[in-house]
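Participant: Next one to model:
(one chain, ligands or ions: 1)
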Amino acid sequence: MARYGFIGCGNMGGAIARALCQKAEPGEVLLCNRTPQKAEALAKELGCRAGDNERAAKACTYLFLAVKPHMMEGMLQPLRPILAARQDRFVLVSMAAGISMARLREMAGGDYPVVRIMPNTAALVGESMTLLCCAGVERGEIDSLLEALSASGRFDEVEEGLLDAGGCVSGCGPAFAYVYLEALADGAVACGVPRPKARQYAAQALLGAAKMALESGEHTAALKDGVCSPGGSTIEGVQALEEGGLRAAAMRAVRAAYDKTLLLGRK
Ligand SMILES: NC(=O)c1ccc[n+]([C@@H]2O[C@H](COP(=O)([O-])OP(=O)(O)OC[C@H]3O[C@@H](n4cnc5c(N)ncnc54)[C@H](OP(=O)(O)O)[C@@H]3O)[C@@H](O)[C@H]2O)c1
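Facilitator: All right, here's what the predicted structure looks like:
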């Protein structure tokens, strides 16, 4: 019997399914997708099974809901009687931005145990920062879920009120970082560095800086000061970033994502 079911095997559902299959028995994982070929191809690659939403809703203990927020209601509607008929215990695991646990229960048609996770696609390389909150779920069920997902990266359990706001930096953050990374690489190319090297240097610089920020215990301002020699080149670059409004743009990016997330929840 499938223990873990995925409804939606796109960018995020697929990344979480890949991480899960590193810890769980692939035979316990059932993948479902609107375009079935996508689930079938991933199932073949990971050694798990592909099926349809009804089968997952009938049988899986942890049912991952990985469709776009505006598709959640339409996807759950036909599954309501199936979920209502279940006699065993199961947990809905939603990764949809903006949809509260209360709203999700309404859409699913019952006060089922529910977990919201807000991961990011770096789960593919074991570096997601995943925020989560839950309702009606036993501690043992959460621990077992976290263990199964442990190959995806770090976790932080938060109050639901923080999930969407935090998710706008942890979930959306990789896209913001890619834009910055690409711009840094473009700058290096403009200075004559070949493109593949420019990309590698920029990516490793961001990776190293992120590791320092996470592991050194130092404030990022102090870390930045440590790179800027008096009268040196780095501080010239920092001034260019400030003149270009990088800080304000980064803050606006997170706030714009949050505003949009709140709208998604209202639909
Ligand atoms: N992408 C991220 O970085 C990220 C981060 C955090 C949270 N999330 C959340 O993750 C969820 C999925 O986002 P995504 O980026 O993975 O989107 P996506 O790449 O578009 O994947 C969504 C998948 O759901 C499938 N689908 C749609 N309706 C379905 C249905 N009724 N039954 C079964 N499968 C169905 C789609 O199938 P088709 O192949 O037919 O289109 C598609 O493969 C969203 O709720 C989003 O808020 C995403």
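
Participant: what's the residue of the stretch 151-267 of the chain found nearest the ligand sitting at in phi/psi?
Facilitator: Using Cβ to the nearest ligand atom, the closest approach of the stretch 151-267 of the chain to the ligand is made by Gly171 at 3.8 Å. C-beta here means a position set from N, CA and C on the backbone, and glycine is covered the same way. With angles defined as degrees, to the nearest 10, Gly171 sits at phi -80, psi -40.

Participant: Which residues lie in contact with it in this structure?
Facilitator: By Cβ atoms under 8 Å, 6 or more residues apart in numbering, the contact list for Gly171 reads 97, 118-120, 131.

Participant: what is the rounded mean pLDDT of stretch 249-267?
Facilitator: What stretch 249-267 shows for mean pLDDT is 90.

Participant: Who are the contact partners of the residue of the chain found nearest the ligand?
Facilitator: Per Cβ to the nearest ligand atom, Gly10 is where the chain lies closest to the ligand, at 1.8 Å. With contact set as Cβ under 8 Å, 6+ apart, Gly10 has these partners: 33, 38, 66-67.

Participant: mind putting those in JSON lines, distance to Ala84 and secondary structure included?
Facilitator: Shown next, in JSON lines, are the contacts of Gly10 (distance: Cβ to Cβ, whole Å; DSSP: H, G, I helix; E, B strand; the rest coil):
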{"residue": "Asn33", "distance to Ala84": "24", "secondary structure": "coil"}
{"residue": "Lys38", "distance to Ala84": "28", "secondary structure": "helix"}
{"residue": "Ala66", "distance to Ala84": "22", "secondary structure": "coil"}
{"residue": "Val67", "distance to Ala84": "20", "secondary structure": "coil"}
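
Participant: quick one, helices of the stretch 51-200 of the chain?
Facilitator: For the stretch 51-200 of the chain, the helices defined by DSSP state H, counting those that start in this stretch cover 53-59, 72-76, 80-85, 101-108, 139-148, 160-170, 173-190, 195-215.

Participant: In CSV, list those along with mean neighbour count.
Facilitator: As requested, the helices of the stretch 51-200 of the chain are exported to CSV (neighbours: other Cβ atoms under 10 Å):
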stretch, mean neighbour count
helix 53-59, 19
helix 72-76, 18
helix 80-85, 13
helix 101-108, 18
helix 139-148, 15
helix 160-170, 19
helix 173-190, 15
helix 195-215, 13
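
Participant: In TSV: the ones you listed, plus distance to Val125.
Facilitator: Below are the helices of the stretch 51-200 of the chain laid out as TSV (distance: least, Cβ to Cβ, whole Å):
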stretch	distance to Val125
helix 53-59	26
helix 72-76	27
helix 80-85	34
helix 101-108	28
helix 139-148	18
helix 160-170	15
helix 173-190	11
helix 195-215	11
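
Participant: Could you list the low-pLDDT ranges of the stretch 151-267 of the chain?
Facilitator: For the stretch 151-267 of the chain, applying pLDDT under 70 flags the ranges 266-267.

Participant: oh sorry, the question was meant for the stretch 1-150 of the chain
Facilitator: Within the stretch 1-150 of the chain, the segments meeting pLDDT under 70 span 1-2.

Participant: where does it come near the ligand, residue by residue?
Facilitator: Proximity of the stretch 1-150 of the chain to the ligand (Cβ under 6 Å from any ligand atom) is limited to residues 7-13, 32-35, 38, 53, 66-69, 71, 75, 95-97, 118-121.

Participant: List buried residues within those residues.
Facilitator: The neighbour count (16 or more other Cβ atoms under 10 Å) marks 7-9, 12-13, 32-33, 38, 53, 66-67, 69, 75, 95-97, 118-121 as buried among these.

Participant: Pull the residues that contact stretch 26-36.
Facilitator: With contact meaning Cβ under 8 Å, 6+ apart, stretch 26-36 is reached by 1-10, 13, 17, 20-21, 39-40, 42-43, 46-53, 55-56, 59-60, 67.

Participant: And stretch 255-262, what's buried?
Facilitator: Those would be 257-258, 261, for stretch 255-262 by 16+ other Cβ under 10 Å.
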